[in-house]
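[1] Need coordinates for the following:
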Amino acid sequence: MSTTVRDAIRPDVEAKTATFVDASFAVADRECILRTEKANSTIIALEDKITSLREEVRELKALIAAKPDDKYSLTKAKLIQLMKDLGYYE
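    Have a look, this model is predicted:
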């Protein structure tokens, strides 16, 4: 119901009913505002978390780029040695 329709019907309604409707709208508006504020605070917290996670990923990428580690890389020589150790290659 729009406010125009509500105001047009108001003269035909008892004062108690009109007061109740106004109070109901006020309660609904307040609840809507509270839900919106809660959602906004959650969004802000999540945005902060995303920012911190992005910074951590950047730091990890920089660390990996600065110190390449060949210990776990699989090269042809390592593969041949592994196959010899397992008895698949002579």
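
[2] low pLDDT regions in this protein?
    Counting by pLDDT under 70, the chain has low-confidence residues at 1, 68-69.

[3] So which residue is smack in the middle of it?
    Leu46 (5.1 Å; C-alpha atoms, centre = their mean).

[4] name the helices or strands packed onto the strand or helix carrying Ile64?
    Element membership for Ile64, per DSSP states H and E: helix 15-66. Contact here means 3 or more C-beta pairs under 8 Å, 6 or more residues apart in numbering; DSSP states H and E; on that basis helix 15-66 packs against no helix or strand. (Each C-beta comes from the backbone N, C-alpha and C, glycine too.)

[5] How far does the very next helix or strand once past it sit from its chain's centre?
    Remark: after helix 15-66, the chain's next helix or strand is helix 76-86, criterion DSSP H and E. In terms of C-alpha atoms, centre = their mean, to the nearest Å, the centre of helix 76-86 is set 46 Å apart from its chain centre.

[6] And stretch 9-18, by the same measure?
    Here stretch 9-18 is found 45 Å from its chain centre; the criterion is C-alpha atoms, centre = their mean.

[7] Format the CA atom coordinates belonging to that stretch as CSV.
    The C-alpha trace of stretch 9-18 is given here as CSV (Å, rounded to 0.1, in the frame of the first residue of the first chain):
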residue,chain,number,x,y,z
ILE,A,9,-8.4,5.7,3.3
ARG,A,10,-7.5,7.3,6.7
PRO,A,11,-10.8,9.4,7.1
ASP,A,12,-12.8,6.2,6.8
VAL,A,13,-10.9,4.3,9.5
GLU,A,14,-11.1,4.7,13.3
ALA,A,15,-8.4,6.5,15.1
LYS,A,16,-7.2,3.4,16.9
THR,A,17,-6.8,1.5,13.7
ALA,A,18,-5.0,4.4,12.1
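
[8] show me the contacts for Ala28.
    By C-beta atoms under 8 Å, 6 or more residues apart in numbering, no residues touch Ala28.

[9] Equivalent analysis for Arg6, please.
    Arg6 makes contact with Val21, according to C-beta under 8 Å, 6+ apart.
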